[in-house]
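>>> Structure of the sequence below:
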Amino acid sequence: MSIKNLIKKLPKAELHIHIEGSLEPELMFKIAKRNKIKLPYSSIKHLKTAYNFNNLQSFLDIYYKGTNVLITEKDFYNMTFAYLKKAHADNIKHAEIFFDPQSHTSRKIPFKTVINGISKACEDGKKKFGISYHLIMCFLRHLSANEAMKTLEESLPFKNKIIAVGLDSSEVGNPPKKFKAVFKKAINYGYLTVAHAGEEGHPDYIWEALDELKVKRIDHGVRCLEDPKLIKELVKRKIPLTVCPFSNVKLKVFKDLKKHNIKQLLDNNLIATINSDDPAYFGGYINDNYIGIQKALGLNKKDIIMLAKNSFKASFLSEKEKRRNLEEIDKISKEL
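Numbers count the residues shown, from 1 in each chain. Next up is the predicted model:
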């Protein structure tokens, strides 16, 4: 079996996918037309030429313009189900999906419209494709902690649909400790916690996410290698990293895939995983990321199998569900 076919055949979990970042230009224009919203782009081609990012902020500026087309429950459903179709094609068996309610409630879109559209699509995806899922509500870190707290309270009637809270948006200048009180209250409400840290931000942000926010997982975390003590701590605590290779290159964290450090992360016994982040903007879904990074770094079959296994080990699935998926990977591995 070729390594490319192995990647396609292996069951995988995706743990770092922003559902708003899966909104493809074609669907964006379709929804905009349906809602009579004029986009600041003359065509799909014009929009795609804008996907030339200098850093995280230049991406976010375009990303938030895209979210403006999402108005109705049907819009959120269509966007989510379109992602799940692609996930199924890439043999994703479990997805832990980020959503940003503040991007929508700030536009007077009710919280329930957002969560109901996304969760209904996920339920239909589970029935049609067999993809299990968890939803993770993220706070926008460039906004205030008070606004995050308000969103946390707003989520409580829908708590049965949300497993965890996260932290995304502009990292530099918005350290995790800014949201310490919000995350403490979220934990008291029974939410698990994750946070973006150590992508553009210094490794100190990873320390803060661990110690101040009590996170179970670090999203990105690629800069952890700058701090040997931090590496040991992440290994000791078994804190996974949800790494997004294409995203890291698009946002200039690494010059190109050949410079990426995911192999070093694995060699340091870190629980690194591969994910697509905002695939509509960064040029590929999960298999594209696996194939691209394998080719660039010459990862072997053992590395690929480890990454697939890590995706389930790092998930919020039950131990029974993790074991079932890991056994399936072992079964495929024995066929090699």
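
>>> isn't Lys185 right up against Met149?
Yes - under the criterion of C-beta atoms under 8 Å, Lys185 makes contact with Met149 at 7.0 Å. Using the backbone N, CA and C atoms, a C-beta is placed for each residue, glycine as well.

>>> what's the following helix or strand after the lengthiest helix in the chain?
The longest helix of the chain (DSSP state H) is helix 111-129. Next in sequence after helix 111-129, counting helices and strands by DSSP states H and E, comes strand 132-140.

>>> ok, the residue nearest to Ser132 when sequence neighbours are not counted - how many residues close by?
Closest residue to Ser132 apart from its sequence neighbours, by C-beta to C-beta, 6 or more residues apart in numbering: His94 at 4.7 Å. His94: 24 surrounding residues under other C-beta atoms under 10 Å.

>>> do the same with Asn5
9.

>>> That one in helix, strand or coil?
helix (DSSP: H, G, I helix; E, B strand; the rest coil).

>>> confidence score at it?
For Asn5, the pLDDT comes out at 95.

>>> The one 5 residues further on too?
At Leu10 the predicted local confidence, pLDDT, stands at 98.

>>> Who's the closest spatial neighbour of it, skipping the chain neighbours?
Ala308 (4.4 Å).

>>> in a strand, that's where that neighbour is, yeah?
No - under three-state DSSP, Ala308 falls outside any strand and is assigned helix.

>>> any idea how far it is from Leu84?
19 Å (C-beta to C-beta, to the nearest Å).

>>> and if you look at Tyr191?
23 Å.

>>> Looking at the two, which one has more neighbours?
Leu84 (23 against 20).

>>> Buried residues, the host helix or strand of the more buried one. List them.
In this assignment (DSSP H and E), Leu84 forms part of helix 73-89. Neighbour-count burial for helix 73-89 flags 73-84, 86-88 (criterion: 16 or more other C-beta atoms under 10 Å).

>>> Now for the residue positioned nearest the centre of the chain: which residues touch it?
Among the residues of the chain, the one closest to the centroid is His16, at 1.9 Å (C-alpha atoms, centre = their mean). Listed by C-beta atoms under 8 Å, 6 or more residues apart in numbering, the contact set of His16 reads Glu96, Phe98, Asp219, His220, Thr242, Val243, Cys244, Thr273, Asn275, Ser276, Asp277.

>>> if I read this right, Ala296 contacts Lys258, doesn't it?
Yes - applying C-beta under 8 Å, one finds Ala296 in contact with Lys258, separated by 4.8 Å.

>>> before we move on, which element is the residue nearest to Ser132 in?
strand 92-99.

>>> tell me what the very next helix or strand once past that strand is packed against?
Using DSSP H and E, the next helix or strand after strand 92-99 towards the C-terminus is helix 102-105. For helix 102-105, the elements it packs on are helix 56-67, helix 111-129, strand 132-140, helix 145-155, judged by 3 or more C-beta pairs under 8 Å, 6 or more residues apart in numbering; DSSP states H and E.

>>> what residues does helix 102-105 touch?
20, 64, 67, 70, 111, 113-114, 139-140, 143, 147-148, 151, 154.

>>> likewise stretch 114-134?
By C-beta under 8 Å, 6+ apart, stretch 114-134 touches 19, 70, 72-81, 84-85, 87-88, 92-97, 99, 101, 104-105, 135, 155, 158, 161-164, 315-317, 321.
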